[in-house]
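Asks: Below are the sequence and a predicted model; questions follow.
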Amino acid sequence: QVQLVESGGGLVQAGGSLRLSCAASGSIFSINVMGWYRQAPGKQRELVATITSGGITNYADSVKGRFTISRDNAKNTVYLQMNSLKPDDTSVYYCRAVVDLSGRAYSLRNYWGQGTQVTVSS
């Protein structure tokens with residue numbers, strides 16, 4: 001199967017920066033979309049940013065201009081550079097990948113990472 005392993009979370013002061021990484025491994029033919037989502041306590045999981053295999057990006061309005069998503073297709077890895085962090089950015093951040101397992105019809109599967117905590121202090 002496929003595993004997503006996230007890293008890079010931690011504690012940072014408001015205005016600071018963090019870089020998250022998520023590496024996919026396993027039985028992968030190709031990866032369609034990769035993205036980052038976040039979930040704060042008592043709230044629903046929300047989209048932060050996504051990126052296609054061709055590099056087309058999409059961002060939540062709340063992070064536009066502060067966060068940058070990128071990916072290395074050769075390494076099956078997606079990154080999230082987070083600048084000008086705010087206390088409202090405090091959440092568990094989850095990586096997501098839509099993986100093509102074989103290149104044949106009906107072989108797309110959705111995978112999630114285990115999450116990494118980002119805490120921004122005021």
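Replies: Ah, there it is.
Asks: Give me the phi and psi for P41.
Replies: When read as degrees, to the nearest 10, the backbone of P41 gives phi -60, psi 130.
Asks: so how many other residues sit close to it?
Replies: 7 (other Cβ atoms under 10 Å). C-beta coordinates here come from the backbone N, C-alpha and C atoms, glycine included.
Asks: so who does Q1 touch?
Replies: Shown in contact with Q1 (Cβ atoms under 8 Å, 6 or more residues apart in numbering): G26, S27.
Asks: Next one: it from S27, what distance?
Replies: Distance of Q1 to S27, given as Cβ to Cβ, to the nearest Å: 6 Å.
Asks: what about the nearest residue to G55 once chain neighbours are set aside, distance to G16?
Replies: Of all residues not flanking G55 in the chain, R71 sits nearest, at 7.7 Å (Cβ to Cβ, 6 or more residues apart in numbering). Noted for R71: a distance of 23 Å to G16, by Cβ to Cβ.
Asks: Over to Y111?
Replies: Distance from Y111 to G16, counting by Cβ to Cβ: 30 Å.
Asks: quick one: which of these two has more around it?
Replies: More crowded of Y111 and G16, by other Cβ under 10 Å: Y111, with 18 against 14.
Asks: Might you list the low-confidence residue ranges for the protein?
Replies: For the chain, applying pLDDT under 70 flags no range at all.
Asks: who's in contact with the most centrally placed residue in it?
Replies: Central residue check for the chain by Cα atoms, centre = their mean: the C-alpha nearest the mean position is that of W36, 2.5 Å away. Residues near W36 by Cβ under 8 Å, 6+ apart: L20, C22, V48, A49, T50, I69, V78, L80, Y93, Y94, C95, R96.
Asks: ok, and the most crowded of the residues you listed?
Replies: Compared across the contacts of W36, V78 has the highest neighbour count, 29 neighbours, by other Cβ under 10 Å.
Asks: ranges for the strands of this protein?
Replies: 2-7, 10-13, 18-26, 30-39, 46-51, 57-59, 67-72, 77-82, 91-100, 108-112, 116-121 (DSSP state E).
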